[in-house]
Every structure is written in structure tokens, then in C-alpha cells.
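1. Just need the structure, nothing else, for what follows:
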Amino acid sequence: MKRNAFLLSILGGAVAGSSIAGPQEQPAPGNATRPPSRAEQLAARLIEDTNAAYFIAAAYIGDRLGLFKAMAGAGPLTADQLAAKLGLHTRYVLEWLRTMAAAHYLEYHPDSKRFEMPAEHIPVLVDEDSPLFSAGLIEGTVPDMLMVSRVLAAFRTGKGISYGDYPPETFDAIERFTKPDYRHRLTQVWLPAVPGVVSRLTGGGTAADLGSGAGHASIAIARAFPRARAFGFEPYAPSVARARENARAAGLSDRVKFETFDGVRVPAGPYDLITISHSLHHAGAPLSLLRSAREQLAPGGVFLIVEDRRSARLEDDIDSPRGGFYGIGLLECLPTALAEGGPGYGTGITEPDIRELAANAGFREVKRVLPQDPLLSLFSLRV
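-> As a prediction, the model looks like this:
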């Protein structure tokens, strides 16, 4: 098939499996139209993926410039009206609106030539307190793409790339991406699924979060359990400063403390609960970190590991929402872990690897928590 005919076939819905084409009719009996070749299906997929990349880049602009927020609840707007609200140039705003309408992030009203954000999209794109808020994914994708040239060079040297070399938006994106889980799932879903944890914290127990980032896990625990004390330990000093600001803003500085640590030796406890979320795969010495955590647990205490879900069988993750974790691992998690001297798991650690680490660190009990979660793997470890 010639290229022009092939592209027209996509627009007409002839290439099976392409979501670009949309619903398509089956050929009538006797129709000589042949099924698309694997090459044609891949070419269609490439167009779809390229579109998605540009859509995310445009969404990044909308998030960073406040375009999404300006549209939330504002009703149908022209490009002139939206540009005037934010002091931006109309022509750029118009092209952004067209792009987001093509991506179905916004609705387009042809009769009035106005654009509108559906109310149902506000929790995803604008409301940072929503459990569905996902703009952190958008914000994190573009900075990772900017690291492609550095990662390309690392293919030849085998060296890692320090987190300090990543754009500042990377850390802001991590905070915004993980915050909904800490606010809406940590104390409401995850901890109640681990026997004994809630009663200990309710009675005034002590919790420590490793790789605490901006501190939202520790803040959530302190807010849910007024008698508990919470500590966050983080190797990256700017994140510690950010966490302290967040604790002050929440009015919890008296019960939530944040400090830097070396990523290996857990500061002296004992702790009734130690958590590490989305961070163990980054560790330079994960086995030593687990051993140190075990030593600092109070008798009967629990170490809770939360990781992005990754199957020991690649075929389980292909064609699932988890497939993108491998790309994040390639551009961010693998290089930063290698820079720390770690094994470089990528994004997420498989269950066999978790169990091996736990056993070698001296934990005698490892239980899978909430195994039905499609995107996260949770494990409770006890001595």
C-alpha cells in the first residue's frame, strides 16, 4: 500500500486496531479488502503514539500556565476570552485549545467556536485535592523527555544520572502525583489492611516514612491519628525543606518532623510503623536499608513497602496500564538508581525480588497487601 493511500485508510477506518480510526464496519461478504499487515498496524500505532506525545506536551503547557484552572467552571470560552483572563497571546491560546479539543481534554462547540472544560474533567486536571487528580503525571512526563539525550549517552557508558541533574519540575511532579494516594488511600485503605497498625497509631504509636519527599504520607498519618508521632526521612535536602513547609501549613509541625538521612541507615527508633512508598526501587543499597529498618522496628512493628506494580513476567504487563512503567524506569528510575550504586530495578520491584530482599534482611513474614490493586504492589514485613 502506498503511503498516501495508507494514511487515507487510517482516516477511513480501514486499519484494524487503530483507535485513531474509531469504530469501523466489517467488510461485507465478498469484499476483497484485505486485512492490514503488521507493518501497517504498527504505522497506525506510531501515529497514535505520536499524537499522544504532542497532546501531553500541550497539556503540560496548560497545567504550567494555568490554562486548565482558568477554564474550570468558566463555561464556553473563545480563545480571546481565555487569553485575556491570563494575559497571554491569543494565537498561541487558540492553537492550544484546538490541540486539547483534539485530545478530548476539552470540548469544542462548533456553532459558537468556543471551548469548554467538562465539569467531569476538573477532578482530573485541576482539583489537587481530588483522589483522581492526575496532572502530576503530565508534569513529570515532559521533564523526563528532556533527559533523553543524557540517557542516550548513558547507554554507552553504563553510568547513572543523579536526581540532582533532573529538572526541578521532576520533584514537583512526584509530589503532585503521589499526594492523592497519601491523602485518600494511605490511612483509609492501606493501613487498615495491615492487622494491628491502626490500633497502634490510634494509641499513640510512632511512624517513620523513608524517602518521604514532600512529606504528605507523614502528614496524612499525623492528621488521621492525633496521638501518633510521625517522622519523615529523605536524602534530598530541598524535599525536606518542602516537607517542613507542608507540615507548617497543615498545622502539624509539633507532631511531624522531617530530617535528611543517607538513604541507608534509618535514624534511631523504635517505630511501630515504617513505610517506604515509590522509593525502594531508587535505593542505592536496598538490602542494607531493609536491614536497618528491621533493626529500628519496635517489637511487633510493621514495615510497609509500596511499589509500582511490576510483574515477574513481562507478558503480564504488556498491553496493561503498567506498560508505561517501563518507560518511566528507562528515563528516570533506572538512571537515578544506578547513580546511587543500586541494582537498578526500574520502576517497581517484582514480588520475588521483594521476598528475596526481605528474607536476606532478616524479615520472617512477608505478606501481600491488597493484591487486587492493578497499579501498586503493597507488602507488609514483620520480624
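
2. which non-adjacent residue is nearest residue 232?
-> Spatial nearest neighbour of residue 232, excluding adjacent residues (C-beta to C-beta, 6 or more residues apart in numbering): residue 212 at 3.0 Å. Just so you know, the C-beta spots here come from the backbone N, C-alpha and C atoms, and that holds for glycine as well.

3. ok, now which ones touch that neighbour?
-> 218, 232, 233, 234, 239, 240, 243, 258 (C-beta atoms under 8 Å, 6 or more residues apart in numbering).

4. hmm, 10 Å instead?
-> Taking C-beta atoms under 10 Å, 6 or more residues apart in numbering, we find residue 212 in contact with 218-219, 230-236, 239-240, 243, 256, 258-259, 261, 275-277, 279.

5. May I see the buried residues of stretch 223-234?
-> 223, 224, 225, 228, 229, 230, 231, 232, 233, 234 (16 or more other C-beta atoms under 10 Å).

6. could those residues go into a markdown table alongside pLDDT, distance to residue 179 and secondary structure?
-> A markdown table is the format used below for those (pLDDT from 0 to 100; distance: C-beta to C-beta, whole Å; DSSP: H, G, I helix; E, B strand; the rest coil):
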| residue | pLDDT | distance to residue 179 | secondary structure |
| --- | --- | --- | --- |
| 223 | 96 | 13 | helix |
| 224 | 97 | 15 | helix |
| 225 | 97 | 19 | coil |
| 228 | 96 | 20 | coil |
| 229 | 95 | 21 | strand |
| 230 | 97 | 16 | strand |
| 231 | 97 | 19 | strand |
| 232 | 97 | 14 | strand |
| 233 | 97 | 18 | strand |
| 234 | 94 | 15 | strand |
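
7. Looking at those, which is nearest residue 286?
-> Using C-beta to C-beta, residue 233 comes nearest to residue 286 of the buried residues of stretch 223-234, at 15.1 Å.

8. List the beta-bridge partners for that closest one.
-> Counting by DSSP bridges, residue 233 is bridged to residue 210, residue 259.

9. can you pull the contacts of it?
-> By C-beta under 10 Å, 6+ apart, residue 233 lies in contact with 208-212, 218, 240, 257-263, 265-267, 274, 276.

10. roughly how far apart are residue 185 and residue 375?
-> Here residue 185 is placed at a distance of 11 Å from residue 375 (C-beta to C-beta, to the nearest Å).

11. Between the two, tell me which one has more neighbours.
-> For residue 185 versus residue 375, neighbours defined as other C-beta atoms under 10 Å are more numerous around residue 185 (17 against 12).

12. quick one, phi psi at the residue lying closest to that one once chain neighbours are set aside?
-> Once flanking residues are discounted, residue 185 sits nearest to residue 131: 7.5 Å by C-beta to C-beta, 6+ apart. Main-chain dihedrals, residue 131, degrees, to the nearest 10: phi -70, psi -20.

13. so where is the stretch 101-250 of the chain shaky, pLDDT-wise?
-> Residue ranges of the stretch 101-250 of the chain with pLDDT under 70: none are present.

14. can you pull out the strands in it?
-> 107-109, 114-116, 206-210, 229-234 (DSSP state E, counting those that start in this stretch).

15. neighbouring strands for the first one, and are they parallel or not?
-> Translated: strand 107-109. In the sheet, strand 107-109 lines up with strand 114-116 (antiparallel) (DSSP bridges).
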